[in-house]
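Asker: Quick one, what's the 3D model for this:
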Amino acid sequence: MIETKAMAFVNMYGVLGALENLCQIDSEAKEILKGLKKPVSLCFCVKDGPCCTFHFTKEGCRMTEGESGCSSKMSFSSPEAFNNLIDKSKPGMPTKNPVQVLTFLLGTFTKLTDRLNEILRPSEEAMKNRAFFEENTTLTLYTIAGAISALANNDSISKISADYTVDGDISLGIKDTAYITLRVKDKHFTTIKEKCENPRAIMEFADLDLAAGLFAGKVSTINEMCKGTIRLSGMISMLDNVNRILDRVSVYLG
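Answerer: Numbering: from 1, shown residues only. Now for the predicted structure:
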């Protein structure tokens, strides 16, 4: 069962949150940003849901919580209304600088989200290209990482696992490629898109091919753990809880 409010947090922190990384690693996204005439900080504010601002410049994208520093704002009457932006491209209500909101949303923002969708939901033919495959796998990791915290904090089933998770940092990553820190404090999860300096627990995949197989459900986690291609160390109970939340991530992200 998918909970509408939790889905809104997954869409904000997982799906749209991956725009930060898309703009870092994708050449087409970088070209799109070059067309920006001036920086835009667009806030999506959801009643009874998440509120985040996406700061776009020619150099990239940065997401922050809240509406501080936004140059334009779009409000949504409910989590369901915000989910419709992602699923049906149905915008909310411009409530600050409406001209900039609509111009940017229909232009640069749509181009970026179209490119993100192209990479995260690829064709079989596209995945035959090694460079595209690597980009897809890396962006999928960042999307999943954002969704883990979104669900740990908002999904009723995932919160059960979060409640049993002790404080500390969890390192999640693909060896020599991309790393995430999951910070747990008082049962609250935060995703930090940086390598963990002092992890209490580590989950590391041996390479991109293994990670892709796991993300697609084509590889057995237990078999790979037995082979040692999935490195688990530290406070294993933390990783057990994250794995339970990952089961919920697969339900939400399909």
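
Asker: mind checking how far Thr64 is from Gln24?
Answerer: 16 Å (CB to CB, to the nearest Å). The way it works is simple: take the backbone N, C-alpha and C, and place the C-beta from them, glycine included.

Asker: quick one: the helices in this protein?
Answerer: In the chain, the helices defined using DSSP state H lie at 4-9, 19-25, 27-34, 79-88, 98-104, 110-120, 130-154, 156-163, 208-215, 221-227, 236-253.

Asker: Lowest-scoring secondary structure element of the chain by mean pLDDT?
Answerer: The weakest-scoring helix or strand in the chain, judged by mean pLDDT, DSSP states H and E, is helix 221-227 (a mean of 88).

Asker: Quick one: list the elements packing against that helix.
Answerer: helix 208-215, strand 230-234 (3 or more CB pairs under 8 Å, 6 or more residues apart in numbering; DSSP states H and E).

Asker: In PDB, could you pull the C-alpha coordinates for it?
Answerer: Provided in PDB are the C-alpha atoms of helix 221-227 (Å, rounded to 0.1, in the frame of the first residue of the first chain):
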ATOM      1  CA  THR A 221      21.000 -10.000  -2.400                       C
ATOM      2  CA  ILE A 222      21.600 -13.100  -0.300                       C
ATOM      3  CA  ASN A 223      23.800 -14.800  -3.000                       C
ATOM      4  CA  GLU A 224      25.900 -11.700  -3.500                       C
ATOM      5  CA  MET A 225      26.300 -11.300   0.300                       C
ATOM      6  CA  CYS A 226      27.600 -14.900   0.400                       C
ATOM      7  CA  LYS A 227      30.000 -14.100  -2.400                       C
END
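
Asker: hey, what's Thr57 bridged with?
Answerer: Per DSSP bridges, the residues bridged to Thr57 are Gly60.

Asker: quick one, what contacts it?
Answerer: Leu33, Leu36, Pro39 (CB atoms under 8 Å, 6 or more residues apart in numbering).

Asker: Apply 10 Å and report the result again.
Answerer: By CB atoms under 10 Å, 6 or more residues apart in numbering, the contact set of Thr57 is Cys23, Leu33, Leu36, Lys38, Pro39, Val40, Ser41.
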